[in-house]
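Novice: this is a predicted model, with the sequence first.
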Amino acid sequence: MHIHLVGIGGAGLSAIATLLLEKGYTVSGSDQRPNAVTADLATRGATIYRGHHPDHIAGARLVLISSAVPPDNVEVNAARAAGIPVVKRAQFLGPLLEGQHGIGIAGTHGKTTTTSMIAIILLRAGMDPSLIVGGRMTVGPAEGMPTSQVAARAGRGPFVIEADEYDGMFLGLSLEIAIVTNVEWDHVDCYPTPAAFSNAFRKFVGQLPADGLLLLCADDPGALALRDAAPGGVTVQTYGLSSTADWQARSLTANVLGGLDAELFFQGKKVADLALATPGHHNIRNAVAAVAAAHWHRIAPHWAALMLHDFQGAGRRFEFIGEVGDVLVIDDYAHHPTEIAATLAAARLRFPTRRIWAVLQPHTYSRTKALLTDFTHSFDDADRVLLLDIYAAREKIDLGMHSQLLLAQIDHPDVAYTGGIEATTEHLLTHVAPEDVVITMSAGDGNLVGKLLLEGLRRREGEG
């Protein structure tokens, strides 16, 4: 069967395309801006088109579109005129998971890392999981795979999926286990109020079967509020750092790996020791959720915890990009105020004496406007803050928002608006010094600043 994907270069559809190729489907796809991901798909056998044209759907039996594709897209119109079904991710993924033990990880923050951790545990346990994750995770011989970065794979075991709330994608998934890391208002273009956002999560939880498992983060009020949304018969367990959690991490201490150690207790009994190379309390929470999900699949907690000892994180999640002249560049997907604060807190814990630059590319006008006041103290753990222009993504109206309005809202002694990618890079090249840590935070193309900065520092070293 031939499936055509419109917007195949995005994180969501590219992962599905990989899965379809592994399952033996004929795959084609189009995107306005082909990238490294589409190049990889081409090497796997997909036909990739640059731009959109009615001829691109020739031979397709189904057209799959991302939420970013406008309804008047020429390929979508051509498919409908030809009687070819056109579906979104949410409609497609539900049937795809049927008949498998689905594990869905939802929440405003932490989905990608938690999904990756669960996948690593199941792979190393030989359970042959299927996987769809919103980022790219590193696998290798320990996972029974060639060394590479993957966002999807097809297997015969449990199906681990990042259950994205955007545009209601996570509704309709057939799951055995649902994990909710936290519930903080986001995607204001889809959910105009916090109540609308929370209600979507209540519907997500309400999909579980009576013999399913619901894991809620005990440290997040929004997640805990979902307890009564679970259908009758569902096992509900909590996890986190709170003393009330069923799965509780205690005695957190910094370790030689650059991350944190912790003791893990289940219902008051110690069951494992955690030792993570990834920094931050939020990653301990993610690991506890992963161990709890693995336990449901009869993997002993101490073995599951051991399998995470060398977990290096998911792509664009506190990812070390490079170091030149003792200037370290890290990239992170953080763009929500809470994510920014968590990323910088983790950086301060790992680099207590180094100067930390927070370089943010705000993401979408609607999110920036709705959450403007929440950014006030997000940068408290940074020494210097640089703001790029807002990344519009799918939005065409700026709502009167500009990064200088965000600058005025941030309570920090050293924050500056630097505009575009090139201007921001030049500012950093002028002002960074040895031992500095530069953290780019963006859900758009702001990570280019880090790459260009490293290139500039290398040129400077060569000239010296």
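Specialist: Thanks, I have the structure now.
Novice: now do the contacts for the spatially closest residue to Glu319 that is not a sequence neighbour.
Specialist: Nearest residue to Glu319, sequence neighbours excluded (Cβ to Cβ, 6 or more residues apart in numbering): Asp331, at 4.9 Å. Where C-beta positions appear, they are placed from N, C-alpha and C, glycine not excepted. For Asp331, the contacting residues are 316, 319, 321, 439-442, 447, 450, by Cβ atoms under 8 Å, 6 or more residues apart in numbering.
Novice: from those, keep the buried residues only.
Specialist: The neighbour count (16 or more other Cβ atoms under 10 Å) marks 316, 319, 321, 439-442, 447, 450 as buried among the contacts of Asp331.
Novice: these in strands, which ones?
Specialist: Members of the buried ones among the contacts of Asp331 lying in strands (criterion: DSSP state E): 319, 321, 439-441.
Novice: doesn't Thr115 belong to a strand?
Specialist: No - under DSSP: H, G, I helix; E, B strand; the rest coil, Thr115 falls outside any strand and is assigned helix.
Novice: and the helix or strand containing the residue nearest to Glu319, C-alpha only, in CSV?
Specialist: Element membership for Asp331 (DSSP states H and E) is strand 327-332. The C-alpha trace of strand 327-332 is given here as CSV (Å, rounded to 0.1, in the frame of the first residue of the first chain):
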residue,chain,number,x,y,z
VAL,A,327,33.2,27.5,25.5
LEU,A,328,30.6,24.7,25.8
VAL,A,329,27.4,24.8,23.6
ILE,A,330,24.3,22.9,24.7
ASP,A,331,21.0,22.8,22.8
ASP,A,332,17.6,22.2,24.4
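Novice: bridging residues for the residue nearest to Val150 when sequence neighbours are not counted?
Specialist: Computed as Cβ to Cβ, 6+ apart, the closest residue to Val150 that is not its neighbour in sequence is Val139, at 5.7 Å. Going by DSSP bridges, Val139 is paired in beta bridges with Ser148.
Novice: what sits against Val139?
Specialist: The contact partners of Val139, by Cβ under 8 Å, 6+ apart, come to 120, 123, 145-150.
Novice: need the helix or strand of the protein with the lowest average pLDDT.
Specialist: helix 89-97 (a mean of 85; mean pLDDT, DSSP states H and E).
Novice: list the residues that contact the residue most central in space within the chain.
Specialist: Nearest residue to the geometric centre of the chain (Cα atoms, centre = their mean): Thr112, 3.7 Å. Thr112 is in contact with 133-135, 162, 314, 317, 333, counting by Cβ under 8 Å, 6+ apart.
Novice: do that again at 7 Å, thanks
Specialist: By Cβ atoms under 7 Å, 6 or more residues apart in numbering, the contact list for Thr112 reads 133-135, 162, 314, 317.
Novice: over to Asp374?
Specialist: Contacts of Asp374 by Cβ under 7 Å, 6+ apart are Pro337.
Novice: would it be right to say that it lies in a helix?
Specialist: Yes - using three-state DSSP, the assignment for Asp374 is a helix.
Novice: in its sheet, what does the strand holding Asp331 sit against?
Specialist: Partner strands and pairing direction for strand 327-332 (DSSP bridges) are strand 319-324 (antiparallel), strand 437-441 (parallel).
Novice: all helices for the stretch 1-150 of the chain, in order.
Specialist: All helices of the stretch 1-150 of the chain, identified by DSSP state H, counting those that start in this stretch, fall at 11-22, 36-43, 74-81, 89-97, 111-124.
Novice: pick the most deeply packed of those helices.
Specialist: helix 111-124 (a mean of 28; mean count of other Cβ atoms under 10 Å).
Novice: secondary structure element holding the residue nearest to Asp246 when sequence neighbours are not counted?
Specialist: Take Asp246 and drop its neighbours on the chain: the residue closest to it by Cβ to Cβ, 6+ apart is Gln237, 4.5 Å away. For Gln237, the host element (DSSP H and E) is strand 235-240.
Novice: next: Ala334.
Specialist: Taking DSSP H and E as the definition, Ala334 sits outside all helices and strands.
Novice: show me where the stretch 201-350 of the chain has helices.
Specialist: Counting by DSSP H, counting those that start in this stretch, the stretch 201-350 of the chain has helices at residues 221-224, 281-296, 301-306, 337-350.
Novice: who are the contact partners of the nearest residue to Glu143 once chain neighbours are set aside?
Specialist: Closest residue to Glu143 apart from its sequence neighbours, by Cβ to Cβ, 6+ apart: Leu123 at 3.9 Å. Residues near Leu123 by Cβ under 7 Å, 6+ apart: 129, 139, 143-144.
Novice: next, count neighbours for the residue nearest to Asp246.
Specialist: 20 (other Cβ atoms under 10 Å).
Novice: for Pro337, same thing?
Specialist: Pro337, neighbours per other Cβ under 10 Å, totals 20.
Novice: tell me the contacts of it?
Specialist: Applying Cβ under 7 Å, 6+ apart, we find Pro337 in contact with 371, 374-375, 378.
Novice: cool, and Asp186?
Specialist: So Asp186 contacts 108, 197, 336, 367 (Cβ under 7 Å, 6+ apart).
Novice: which element, helix or strand, includes it?
Specialist: Taking DSSP H and E as the definition, Asp186 sits outside all helices and strands.
Novice: quick one: end-to-end length of stretch 120-131, please.
Specialist: This stretch, stretch 120-131, spans 10 Å end to end (Cα to Cα, to the nearest Å).
Novice: re the thing from before, how much space between the residue nearest to Val150 and Val37?
Specialist: From Val139 across to Val37, the span is 16 Å (Cβ to Cβ, to the nearest Å).
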